[in-house]
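1. Please work out how this folds:
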Amino acid sequence: MQTIDWDAFEAIGQHTDMQPLLNFQFLTTLKAFFTLLTTDDLDAVDELSLTLVHSPAFQLAAQAMKADPEVAALIQERYLPPSHDLDRLLQCPPDSLGYQYASSLQQKGLDRIDPELPVRSDTSYIEYRWQQTHDIWHIVTGFSTSGIEEIGLQAFYLAQFRLPLAGLLIANALISATLLSPEGMPQLLRAIEQGWRMGVQAKPLFAQRWEQAWEKPVSQWQAELNLQPFNPVGG
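-> Next up, the predicted model:
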């Protein structure tokens, strides 16, 4: 596969009316996106996510999020609970959010590590918090961490608060399916459609202080948030 000469690409922007687009942030984001498209590397996802923290798209998303009073209060407070103690959470009732969250991480051989991101603005706080709670969203929405269902969750994110990374991951998945696995396109589109619909119908998950009610059953969280868990066969 041919590589892109980014220096030459940037030079073009210095001599054309494309200059407003070909700024450093745009090129950095584009590089990270192409890396993800060609490698499917989780490190590329992290890099892409961090390049978007101070983007205009993320700033607009933050403004829209603060229209909800509960979300606005969380952002203003910079609510940052202590690191999640998985050993303690495994002592919660089996049907609780705390237990199901901790056991899902344990099964994958993961420890909950807080994001390495300084919180210095609304967008960096939002980035930190969604990363910190990403696995919780998997539990309450019913989306697994498989490739297609992960994209379904990204559609849920996009419906809930227009996360810029979510839009690019969905675009990446659609491009990859079109070029590499077109037979999987119907399943992918079904997951995206369901994720979007679920996100529109549900109350804002970003507003939730999950850590204050670990013992609450997942089914109760879902009922209170108007969440119908993902159904992989449609409907």
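2. which secondary structure elements does the strand or helix carrying Leu153 contact?
-> In this assignment (DSSP states H and E), Leu153 forms part of helix 147-161. Contacts defined by 3 or more Cβ pairs under 8 Å, 6 or more residues apart in numbering; DSSP states H and E place helix 147-161 against helix 56-65, helix 122-141, helix 164-180, helix 185-201. Yep, even glycine has a C-beta here, placed from its N, CA and C like the rest.
3. In the shortest one, which residues are buried?
-> In this case it means helix 56-65. 57-58, 61-62, 65 (16 or more other Cβ atoms under 10 Å).
4. now the helix or strand immediately after that helix in the chain, how far from the centre of its chain.
-> Using DSSP H and E, the helix or strand that follows helix 56-65 towards the C-terminus is helix 69-77. Computed by Cα atoms, centre = their mean, to the nearest Å, the separation of helix 69-77 from the middle of its chain amounts to 19 Å.
5. Any chance you could list what contacts helix 69-77?
-> 62, 65-66, 122, 125-126, 129, 161, 204, 206-207, 209 (Cβ atoms under 8 Å, 6 or more residues apart in numbering).
6. which among those end up buried?
-> For the contacts of helix 69-77, buried by 16+ other Cβ under 10 Å: 62, 65-66, 122, 125-126, 129, 161, 206-207.
7. just checking, Pro93 touches Glu215?
-> Yes. Under the criterion of Cβ atoms under 8 Å, Pro93 makes contact with Glu215 at 6.4 Å.
8. show me where pLDDT drops low in this protein?
-> 1-44, 112, 234-235 (pLDDT under 70).
9. can we see that at 50?
-> 1-6, 8-10, 12-16, 18-22, 24-38 (pLDDT under 50).
10. still on that earlier bit, ok, of the buried ones among the contacts of helix 69-77, which one's closest to Leu110?
-> Checking the buried ones among the contacts of helix 69-77 against Leu110 with Cβ to Cβ, the nearest one is Arg129 at 18.5 Å.
11. Assign a three-state SS to the residue lying closest to that closest one once chain neighbours are set aside, would you?
-> In space, and not counting its chain neighbours, Arg129 is closest to Phe206: 7.1 Å by Cβ to Cβ, 6 or more residues apart in numbering. At Phe206 the chain is in helix, as set by DSSP: H, G, I helix; E, B strand; the rest coil.
12. Against Leu189, how distant is Phe206?
-> 25 Å (Cβ to Cβ, to the nearest Å).
13. ok, residues contacting stretch 131-143?
-> With Cβ under 8 Å, 6+ apart as the test, stretch 131-143 has contacts from 49, 97, 100-101, 104-105, 112, 114-115, 117, 130, 144-145, 149-150, 152-153, 156-157, 191, 195, 198, 205, 210, 218, 221-222, 225, 227, 229-231.
14. Quick check: buried residues in it?
-> Applying 16+ other Cβ under 10 Å to stretch 131-143 flags 131-133, 135-143 as buried.
15. I'd like those residues as a markdown table, with distance to Ala173 appended.
-> A markdown table is the format used below for these (distance: Cβ to Cβ, whole Å):
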| residue | distance to Ala173 |
| --- | --- |
| Gln131 | 19 |
| Gln132 | 24 |
| Thr133 | 22 |
| Asp135 | 20 |
| Ile136 | 22 |
| Trp137 | 18 |
| His138 | 17 |
| Ile139 | 22 |
| Val140 | 22 |
| Thr141 | 17 |
| Gly142 | 19 |
| Phe143 | 13 |
